[in-house]
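> Structure for the following, please:
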Amino acid sequence: MRPIIEFCASNMHHGTDKVMKALEQNPDYDVIEYGCLGNCGQCYMEPYALLNGEIIAASNADKLYEKILEKIKEIEAMYDLLGD
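Next up, the predicted model:
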């Protein structure tokens, strides 16, 4: 399972650029930046990313990074449980 983590270029003012760069260091993750992900209201209000199509949001970029890693661990545990 390779997580796909998508970022909106317009959300970078929240510090998500640092989160994206940190996640890009892991060769097991597919990290993609788009000009717009179509979640403009959320993009304006808080740092967020899409993880396998699911919105992950937090109050700041550091917490977003932590939440993304936690969700990846949850997904990996589920796959391990299912034997995939």
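> CA atoms for contacts and neighbours, from now on please.
OK.
> How about the residue nearest the centre of the chain: what's its closest non-neighbour residue?
The chain has Ala49 as the residue nearest its centroid, 4.0 Å off, counting by C-alpha atoms, centre = their mean. Distances taken as C-alpha to C-alpha, 6 or more residues apart in numbering put Phe7 closest to Ala49, at 5.0 Å, once the chain neighbours are dropped.
> Other residues contacting the helix or strand containing the one you found?
If you go by DSSP states H and E, Phe7 is part of strand 4-8. With C-alpha atoms under 8 Å, 6 or more residues apart in numbering as the test, strand 4-8 has contacts from 16, 20, 29-37, 43, 48-53.
> quick revisit: look at the residue nearest to the centre of the chain and tell me its secondary structure.
Per DSSP: H, G, I helix; E, B strand; the rest coil, the secondary structure class of Ala49 is strand.
> what's the answer for Pro27, then?
Quick answer, by three-state DSSP: Pro27 is coil.
> contact partners of the top helix by length along the chain?
The helix that spans the most residues within the chain, counting by DSSP state H, is helix 61-82. The contact list for helix 61-82, computed with C-alpha under 8 Å, 6+ apart, reads 1, 3, 14-16, 18-19, 47-48, 51, 56-58.
> now, the most widely separated pair of those residues?
Maximum pairwise distance among the contacts of helix 61-82 (C-alpha to C-alpha): 28.3 Å, between Met1 and His14.
> more neighbours, those two?
Under the neighbour definition other C-alpha atoms under 10 Å, Met1 and His14 were set side by side, and His14 has more, 17 against 10.
> from what I can see the more buried one touches Ala49, true?
No. In terms of C-alpha atoms under 8 Å, His14 does not count as a neighbour of Ala49; the distance is 11.3 Å.
> filter the contacts of helix 61-82 to the buried ones?
Buried subset of the contacts of helix 61-82 (neighbour count, 16 or more other C-alpha atoms under 10 Å): Pro3, His14, Gly15, Thr16, Val19, Pro47, Tyr48, Leu51, Ile56, Ala57, Ala58.
> what would those residues look like in TSV with distance to Ala77 and pLDDT?
Shown next, in TSV, are those (distance: C-alpha to C-alpha, whole Å; pLDDT from 0 to 100):
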residue	distance to Ala77	pLDDT
Pro3	13	95
His14	30	96
Gly15	29	96
Thr16	26	97
Val19	23	98
Pro47	25	98
Tyr48	23	98
Leu51	15	98
Ile56	18	97
Ala57	21	97
Ala58	22	97
